[in-house]
Structure formats: structure tokens, C-alpha cells
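Enquirer: Task: produce atomic coordinates for the following.
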Amino acid sequence: MFDATFTNTKGVSGRLGPLGSDADIALAETSPVNVAHTAEADIIPAARQSRHKAVILVTGATRPGLFLSNAPRFLNPAGPPMLQVSNVESAWLKQQVEERAEVTVVASVERTPARAFNVTATIPGLDQSLPPLVFMAPRSGWWQCVSEQGSRLVCWLEIMRVLAAANPSRTCHFVAMSGHELGFMGMNPYVETRQDLVKRAEAWVFLGSDIGQPRPPNLIHASDDALEHWLLAALAKQGLPVDAKELHSSKARGKTSEIQRGGARFVTLACASSVFHNVGDRWPEAVDVSLLARYAQALAEGALELAEHGASDQAMLPSI
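Expert: The predicted model follows:
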């Protein structure tokens, strides 16, 4: 775990046992992530608070492999050293627990300061008195992350292309954020230097993960009826169904939760993936290009309507 503490090059040694036991080294399994996943896997907070010398985390998933967890506390690492391992090692590790085997865990890490960048753009609106729109998409992640991040960047760019050609009435801001997997670090400076945007914006549109994944389902979450209806209508024009809807009051995904706490209007679309945070999230298997194109067209055409008419007018349309 990149936001836990670390060992030296010799590591730490002791008997292996279940998390919460009196063993020196603990074994636990993370929960499979899903489309509604908004925080750390359930077991990780318990591991952070434990008194073990180290914790081995078998990454849970619906298929074999290593499925990394994000590092929400990257700037302030906490808890014992934690080593994530592939679930293909699960049976062998559980056998070692039964035998109370003596093990050594090495999680030796050296941090090097580096600079990352958000990518931002603004399309000025013809009517500066209208509240602006903000379109957000992360740009970093684990491994290739073709479906997780690449798909939403496709939609982000298509929205930008359509709006730039249309000279919209409403100003439209775009941000592709770095550090998504490391405590959403890129979002902090963007919001901190644009505090007026939080409540003034007509809507914050967050493009969620795995849009156009070959095997849905999808999920939408909006702060209010008007924005929810806007997204439903936009997707319906491309024949794209919605599989699940979060309650307006539910905690928002990722960094959108800060926008939510600030009282801003927001809407999110996210899809499921069997290779979320896995090395298998790569071209071409992890994304259905024709399906992604339909999502991109739906979102771009919907964004143009939002830029011209706002979300309030959408609420006057018939329900879908």
C-alpha cells in the first residue's frame, strides 16, 4: 500500500496469522471493487488500526490477478506496512496461516519528489452572466488503465470538440486531473484556486471510470432531479440504458464528494469493469470502441444542450 508505512530493506519478521489475531504478521483479503465503490476496501481501515508489524493483503476480485487499491492517504501514510499480493496466492497463504508459519515482509520504499500536472482548458461562453459548466476526468491510474481512464478522456475530449465548434452560450471549463489514485491530489489545487466555481457553476460533470466497458452495468449519481433527468435523456438518445441510480443524498464518488460538501450541483456516470485496477485493463480487450463512441456522442450532445439551456429546463421534460 502506497499510503501505509514502510519497512527497511531487511523487512519485519514474525508468525503469520489472521488480521486481528495476536500474530506478528497478519493476512487479510480486500473486497472486490465495483461500480459503486467510493472509498477504501472495507478491510483496509481495520488493517491501518491494527497493532501487527505488517499486513499482507490478498486483493479480492472476480478473476485471478493483482487488483491494486488506491492510496487516499498518500500525503500522510498511516498504519503498519501493507503488502498487496495477487489473489492467486490466496490458498497458499491461508495454508501458511494455519501452520502459523514464520514469515518476513519487505516493503522497502524510497520516495522521490516529483511534479505532476493537471490539463485544463476553458471555452468562453457568449453570455458571461450565465453560470459555467465544469467537466472533470482523471488522467492517471494503475498500469495502462485503458478502460478506467482512457474511456472517460475520450468522452472528455469529444465534449470539448463539440462545444468548441458550437460557440456555446455558457462558459465551459475542463480539467483532467493527475494523482487520481494517490489521494485525488490533482483535484485539490484545482478547487483551491477556483473557490468561486464550487457553488457558482451550473453543474460539475464528473466522467466516471470504465465508460464503454464491454460488460456493463453502469451507474449514475446526480445532486438533483434536473441533472439526473438531463443525463438520462442524453443517454436515451443513443439507446443507452441506465442500470442503477444513486440517491441524490448519497455520498459522491471520489473527489466529487468535496464538491458535494460545498453545496455544488454535480452529476456522475460510471460503469463496471472486471479489470478495474488490474494489468488486464489494456487495449483492445478492455473497451468496446463502438459502445464508447455512443457514450461519447451522447455526452457531447447532452453537454451542448446543458451549455445552452442549463439543467433546470430539462426538469420540465417528460420522464423517461
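
Enquirer: can you give me the strands in the stretch 151-300 of the chain?
Expert: For the stretch 151-300 of the chain, strands defined by DSSP state E, counting those that start in this stretch occupy the ranges 172-177, 203-207, 218-222, 244-245, 266-271.

Enquirer: ditto for the stretch 1-150 of the chain
Expert: Ranges of strands in the stretch 1-150 of the chain, per DSSP E, counting those that start in this stretch, are 12-18, 25-29, 54-58, 82-85, 102-105, 119-123, 133-138.

Enquirer: which other helices and strands contact the first one?
Expert: Spelled out, that is strand 12-18. Using 3 or more CB pairs under 8 Å, 6 or more residues apart in numbering; DSSP states H and E as the contact definition, the elements that strand 12-18 packs against are strand 25-29, helix 90-98, strand 102-105. Glycine gets a C-beta too; all of them are placed from N, C-alpha and C.

Enquirer: right, so these: which one is the most enclosed?
Expert: Neighbour counts (mean count of other CB atoms under 10 Å) averaged over each of the helices and strands packed on strand 12-18 peak at strand 25-29, with a mean of 22.

Enquirer: now it against strand 54-58, angle please.
Expert: In terms of direction (axes from the mean of the first three to the mean of the last three CA atoms, to 10 degrees), strand 25-29 departs from strand 54-58 by 20 degrees.

Enquirer: going forward, begin numbering at 47 instead of 1
Expert: Shifting the count to begin at 47 puts that one at strand 71-75.

Enquirer: what's the offset of strand 71-75 from the middle of its chain?
Expert: Strand 71-75 sits 25 Å away from the centroid of its parent chain (CA atoms, centre = their mean, to the nearest Å).

Enquirer: Show me what the mean pLDDT comes to for it.
Expert: Averaging pLDDT along strand 71-75 gives 97.

Enquirer: now swap in stretch 79-86 and tell me
Expert: On average, stretch 79-86 scores 56.

Enquirer: Ok, stretch 132-146 next?
Expert: Throughout stretch 132-146, pLDDT has a mean value of 97.

Enquirer: first to last residue in it, what's the distance?
Expert: Stretch 132-146 has an end-to-end distance of 21 Å (CA to CA, to the nearest Å).

Enquirer: And stretch 276-289, by the same measure?
Expert: End-to-end span of stretch 276-289 (CA to CA): 16 Å.

Enquirer: how about it: buried residues?
Expert: Neighbour-count burial for stretch 276-289 flags 276-281, 284, 286, 288 (criterion: 16 or more other CB atoms under 10 Å).

Enquirer: Dump those residues to TSV, plus distance to Tyr236 and pLDDT.
Expert: TSV is the format used below for the buried residues of stretch 276-289 (distance: CB to CB, whole Å; pLDDT from 0 to 100):
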residue	distance to Tyr236	pLDDT
Trp276	23	97
Leu277	23	97
Leu278	28	97
Ala279	29	96
Ala280	25	97
Leu281	27	97
Gln284	30	96
Leu286	29	95
Val288	28	94
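
Enquirer: Among those, which ones are in helices?
Expert: Counting by DSSP state H, the buried residues of stretch 276-289 place 276-281 in helices.

Enquirer: Show me how far stretch 229-245 is from its chain's centre.
Expert: For stretch 229-245, the separation from the chain centroid amounts to 16 Å (computed by CA atoms, centre = their mean).

Enquirer: Kindly report the same for stretch 334-342.
Expert: That offset, for stretch 334-342, works out to 19 Å (CA atoms, centre = their mean).

Enquirer: List of residues touching it?
Expert: 197, 200-201, 204-205, 257-260, 281, 284-286, 315 (CB atoms under 8 Å, 6 or more residues apart in numbering).

Enquirer: PyMOL command to pick out the buried ones of the residues you listed?
Expert: This is the PyMOL syntax for the buried subset of the contacts of stretch 334-342, where burial follows 16+ other CB under 10 Å:
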select buried, resi 197+200+201+204+205+257+258+259+260+281+284+286+315
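
Enquirer: from the contacts of stretch 334-342, which two are the most distant?
Expert: Put simply, by CB to CB the two of those set farthest apart are Ile205 and Pro260, 22.4 Å from each other.

Enquirer: before we move on, the earlier item: would you turn the strands of the stretch 197-346 of the chain into a markdown table with mean pLDDT and distance to Phe113?
Expert: Listed next are the strands of the stretch 197-346 of the chain as a markdown table, based on pLDDT from 0 to 100; distance: least, CB to CB, whole Å:
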| stretch | mean pLDDT | distance to Phe113 |
| --- | --- | --- |
| strand 218-223 | 97 | 22 |
| strand 249-253 | 96 | 22 |
| strand 264-268 | 94 | 19 |
| strand 290-291 | 94 | 21 |
| strand 312-317 | 94 | 17 |
